[in-house]
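# Just to be clear, the model below is a prediction. Sequence and coordinates:
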Amino acid sequence: FFQLSSFLVFKSLYSLVSYQYRLLYSAMAEFPNLGKHCESTVCNRLDFLPIKCSGCGHFYCSEHFTFEAHNCPTGSRISVQVPICPICEKPVPTPKDVNVDQQVNEHIQNNCQTPKRAKVYSNACTVPKCKKKELVAMNCSKCRNNYCLSHRHERDHSCERKVGEMKINQKKSWTDSITSIARSRMNPCSAQARTEGDEALARSLQQEEYNRVAPPHQTRNSNSNCTVS
């Protein structure tokens, strides 16, 4: 029984860790421009909440942001190291025994009220009644609209229905254009029909003028007249 319980606990932990890694790699593949890589020569890990060194100005993960961890060339001239917010680039005072990631995250959520931060989340979701905004644009490859993380998949924003409506509207517009062209060609009052009518009227008036002026034995018929072009 003890072995079975241990196996179940191990399996649960393994599943949880595997899920977290899959989620991380999925985010890395889907949003390659989000976050920064640790600039330590022995790390280069992608960190979604990087910490800027107050000495050299480079970005590091929570394990290598200290002066000693990345051999900061200017760290020896600074007595106290203070992490820099990656968004507003202001120092974030951190007590000695407090986790740096947690302190920076709290600063971003509560105290980072700069104009630069207000422009970060500018990609609004186009789903009705959804007011979420994201850091990066997520445009659907089919309907071309922008969505949040919750609605970025096609099944979550009814993409097939929207694409179908777009195709119907395009087909209707094309049909209306063809119908309009066909009607204009069949219309007797079109420009070509009016031109031909004007030419026939001019020939008729010219024939009547010849018949009125010329003597009866010199009346010209219509075949001898000049053609009005």
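Structure received. Numbers count the residues shown, from 1 in each chain.

# Check the burial of residue 158 by counting its neighbours.
14 (other Cβ atoms under 10 Å). Placement of C-beta: from N, CA and C, glycine included.

# Equivalent analysis for residue 157, please.
Residue 157: 23 neighbours (other Cβ under 10 Å).

# Quickly note the distance from it to residue 123.
14 Å (Cβ to Cβ, to the nearest Å).

# what do you get for residue 96?
38 Å.

# what about the two, which has more around it?
residue 123 (17 against 5).

# Cross-check the contact I'm expecting between that one and residue 132.
No: if you go by Cβ atoms under 8 Å, residue 123 and residue 132 don't touch, sitting 9.3 Å apart.

# what about residue 130, which SS state?
coil (DSSP: H, G, I helix; E, B strand; the rest coil).

# same deal with residue 160?
Under three-state DSSP, residue 160 comes out as helix.

# Grab the nearest non-local neighbour of it.
residue 154 (6.9 Å; Cβ to Cβ, 6 or more residues apart in numbering).

# Count the neighbours of the one you found for me.
For residue 154, the neighbour count with other Cβ under 10 Å is 16.

# Look up how far residue 175 lies from it.
In this view, residue 154 and residue 175 are 28 Å apart by Cβ to Cβ.

# With residue 89 instead?
Residue 89 is 57 Å from residue 175, by Cβ to Cβ.
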